[in-house]
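Colleague: From the sequence below, what's the structure:
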Amino acid sequence: MKSLLTSTALILLTASGAMAGKAFVSNERGNTVTVIDTDSWTVETEFAAGNRPRGITLSPDGSLLYVCASDDDTVRVFNSETYEELYTLPSGPDPELFTMHPSGNPLYIANEDDNLVTVTDTESHTILAEIPVGVEPEGMAISPDSAFVVNTSETTNMAHFISTADYEIKHNILVDQRPRYVEYTRDGKRLFVSSEIGGTVSVIDIAEDGTPTLSKKIGFEVAGVLPEWLQPVGVRVTDDGSRIFVALGPANRVAVIDGESLEVVDYILVGQRVWQMAFTPDQKYLLTTNGNSNDITVIDVAKEKAIQSIQVGQQPWGVVVTPN
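Modeller: Just a heads-up that it's a prediction; the model follows:
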């Protein structure tokens, strides 16, 4: 009887779609979000998401989809099952990227045109703080212990470490030109900052007291690719820290870095102008958005090999995958 009940439950879950994974891709020029079934790797649908959607994330339980509608100066919030727009959140001008507190509240938003990080309460729909940072803020990440939010400012060439307790900048680390993205290791002991024009990824070690120290810069070299095309943008780190993946923009490659030696071990050829990336929950696959070929690439993480491309909307920018 127990086996029968278990089988029945699995059938019901499958029929209801509860077990199906989804990837959401923001299409910057198409003003849409494309929904992809991550079991079949097929496009499920596409829906309107405001003007110039870029940053995209999900609530911790996966029920809400948050999209930075940059040219609307707002964050649009959708039901992740029905794709109905539920409400908007105040974001400050030109929101580009954001990061969410692990609890789902608040949301920390980079305002590219106004040199601010806006802190928005996702429950009361109010702005809690506006934090002055460097020029053209973009990258956003929250430390695993939630003590710091890190913002990268493209023109100032800095990573700003903001205390989540009082919204004050406690540390500034100078990196290379045009820092675009920031990513912590799962244990919070290390941080990676990509610099698009500088062509490097800065490695920042985090002391037990939270003090950051720049320890290394990783460069890239691909045969037949001009150095100026090697433009690091998105960064993703496996949970065990063994691999760091870096999207190299117009080089149309994802660099694979060994997490121990911090040396580049491989380059994976993907679509044109690879930008952002996201793992599936089991980290079996890594998805990349390719802005000029209007597709995403599916990478087999264990094999470190591209296995499929999927056409999406016009100029895909960001991607997020539903949690388990």
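
Colleague: CA only for contacts and neighbour counts going forward, please
Modeller: Will do.

Colleague: show me what contacts Gly241?
Modeller: If you count contacts by Cα atoms under 8 Å, 6 or more residues apart in numbering, Gly241 has them with 185-186, 259-260.

Colleague: what's the farthest-apart pair in the residues you listed?
Modeller: Arg186 and Glu260 (14.3 Å; Cα to Cα).

Colleague: Could you point out which residue ranges in this structure have low pLDDT?
Modeller: Applying pLDDT under 70 to the chain flags the ranges 1-19.

Colleague: The same query, at a cut-off of 90, please.
Modeller: 1-20, 112-113, 209, 324 (pLDDT under 90).

Colleague: May I see the ChimeraX selection of the buried members of the contacts of Gly241?
Modeller: Remark: buried members of the contacts of Gly241, expressed as a ChimeraX selection using 16 or more other Cα atoms under 10 Å:
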select :185,186,259
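
Colleague: Can you lay out the contacts of Gly241 as JSON lines showing distance to Lys305?
Modeller: Output for the contacts of Gly241, formatted as JSON lines (distance: Cα to Cα, whole Å):
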{"residue": "Thr185", "distance to Lys305": "22"}
{"residue": "Arg186", "distance to Lys305": "23"}
{"residue": "Gly259", "distance to Lys305": "18"}
{"residue": "Glu260", "distance to Lys305": "21"}
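
Colleague: and which of the contacts of Gly241 is nearest to Leu214?
Modeller: Closest approach to Leu214 among those (Cα to Cα): Thr185, at 14.9 Å.

Colleague: Hmm, Asp239 and the closest one touching each other?
Modeller: Yes. Counting by Cα atoms under 8 Å, Asp239 is a contact partner of Thr185 at 7.2 Å.

Colleague: Give the buried residues for stretch 52-67.
Modeller: Going by neighbour count (16+ other Cα under 10 Å), the buried part of stretch 52-67 is 52-60, 62, 64-67.

Colleague: Narrow these to those in strands?
Modeller: Secondary structure from DSSP state E places 53-58, 64-67 of those in strands.

Colleague: Tell me who's in contact with Arg180.
Modeller: The contact partners of Arg180, by Cα under 8 Å, 6+ apart, come to 138-139, 152-154, 193-196, 232-234.

Colleague: same check, this time on Leu116
Modeller: Per Cα under 8 Å, 6+ apart, neighbours of Leu116: 110, 130-134, 137.

Colleague: rerun that using 7 Å as the cut-off
Modeller: Neighbour list for Leu116: 110, 130-133, 137 [criterion: Cα atoms under 7 Å, 6 or more residues apart in numbering].

Colleague: Nearest to Arg178 among those residues?
Modeller: Once Cα to Cα is applied, the member of these that ends up nearest Arg178 is Pro137, at 9.9 Å.

Colleague: Distance of the closest residue to that closest one other than its chain neighbours relative to Ser293?
Modeller: Spatial nearest neighbour of Pro137, chain neighbours left out: Ser153 (4.0 Å); criterion: Cα to Cα, 6 or more residues apart in numbering. Shown here: Ser153 relative to Ser293, a distance of 28 Å by Cα to Cα, to the nearest Å.

Colleague: Those two: who's more crowded?
Modeller: Ser153 (29 against 19; other Cα atoms under 10 Å).

Colleague: who does that one bridge with?
Modeller: Pro137, Met158 (DSSP bridges).

Colleague: and it, how far is that from Arg29?
Modeller: 23 Å.

Colleague: cool, Glu228 as well?
Modeller: Taken as Cα to Cα, the span from Glu228 to Arg29 is 24 Å.

Colleague: Tell me if I'm right that Glu44 and Asp37 touch.
Modeller: Yes. Using Cα atoms under 7 Å, Glu44 is in contact with Asp37, at 6.2 Å.

Colleague: quick one, which of these two is more surrounded?
Modeller: More crowded of Glu44 and Asp37, by other Cα under 10 Å: Asp37, with 16 against 13.

Colleague: and the nearest residue to Gly259 once chain neighbours are set aside, what does it touch?
Modeller: Distance criterion Cα to Cα, 6+ apart; nearest residue to Gly259, sequence neighbours excluded, is Ser242 at 4.4 Å. Listed by Cα under 7 Å, 6+ apart, the contact set of Ser242 reads 258-260.

Colleague: mind running it again at 10 Å?
Modeller: Each residue near Ser242 by Cα atoms under 10 Å, 6 or more residues apart in numbering is listed here: 185, 257-262.

Colleague: Val274 too?
Modeller: Contacts for Val274 (Cα under 10 Å, 6+ apart) come out as 231-234, 246-254, 288-293, 295-297, 316-317.

Colleague: distance of it from Ala207?
Modeller: Distance of Val274 to Ala207, computed by Cα to Cα: 32 Å.

Colleague: Ok, Lys217 next?
Modeller: On the measure of Cα to Cα, Lys217 and Ala207 end up 18 Å apart.

Colleague: more crowded one of the two?
Modeller: Taking other Cα under 10 Å, Lys217 and Ala207 do not tie; Lys217 has more neighbours (18 against 12).

Colleague: Hmm, Pro95 is touching Leu107, no?
Modeller: No. Taking Cα atoms under 10 Å as the definition, Pro95 is not a contact partner of Leu107, at 11.5 Å.
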